[in-house]
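>>> test case, fold it:
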Amino acid sequence: MHNGSRPCIAARVVLLNVMVNPIQSIAIVVAFFFAYVVPMVALFALGGIGASGSDSGSYSATWLSFLLVTSYVICPVVGGYLAARLAKQKTYIHALLVSVIAGITIGLMHEEFSALSTLMWISIFSGGGIVGAWIYERLLARRSENVF
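Residues are numbered from 1 along each chain as shown. Below you'll find the model as predicted:
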């Protein structure tokens, strides 16, 4: 066997693993909806609360920082946690897929679309998604330790 066949074997193992334990798309869709769509719609609907002065286009620094923390930190972590909890297997892959879909969505929503900014969004959200899946795994391990 030569070294060129190793990637082929790895690809077969990954393909077999996906066939045996498929990706649960419903977990990804539900996690994306409840972790990204619902909070962002609510925050933008409540956007007038954060406006300062008579100009509704100018927002206070507190409101903008709240929006940034919510969209960059809380939404990705919650999305990763929800995807992991709903999928119950391949938790990190599901969390990463939710983050990638969110990053692409945000990238497409910008007026000036660029692949570089989309990759930036994906990388920002992926870290939070993996943290969310890690939190789920830690809580699951802690629960199983307490059972025995």
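
>>> buried residues of the host helix or strand of residue 146, list them for me.
Using DSSP states H and E, residue 146 falls within helix 115-147. Within helix 115-147, the residues that count as buried by 16 or more other Cβ atoms under 10 Å are 118, 121-122, 124-126, 128-136. Heads up, the C-betas are built off the backbone N, CA and C, glycines and all.

>>> list the contacts of residue 102.
Residue 102 is in contact with 32, 35-36, 75-76, 79, 121, 125, counting by Cβ atoms under 8 Å, 6 or more residues apart in numbering.

>>> lowest average confidence, helix or strand, in this protein?
Taking mean pLDDT, DSSP states H and E as the measure, the chain has helix 6-20 as its least confident helix or strand, at a mean of 60.

>>> and the next helix or strand past that helix?
By DSSP H and E, the next helix or strand past helix 6-20 is helix 25-32.

>>> what about the residue nearest to residue 135 when sequence neighbours are not counted, distance to residue 109?
Distances taken as Cβ to Cβ, 6 or more residues apart in numbering place residue 81 nearest to residue 135, at 5.6 Å, with adjacent residues excluded. Applying Cβ to Cβ, to the nearest Å, the value for residue 81 to residue 109 is 23 Å.

>>> neighbour count for those two, which is higher?
residue 81 (25 against 10; other Cβ atoms under 10 Å).

>>> ok, that one to residue 62 distance?
Residue 81 is 26 Å from residue 62, where distance means Cβ to Cβ.

>>> same question, residue 112
Residue 112 is 28 Å from residue 62, by Cβ to Cβ.

>>> show me which of these two is the more surrounded one.
Higher neighbour count among residue 112 and residue 62: residue 62, with 10 against 5, using other Cβ under 10 Å.

>>> any idea of the pLDDT on that one?
The score at residue 62 is 76. That number is its pLDDT.
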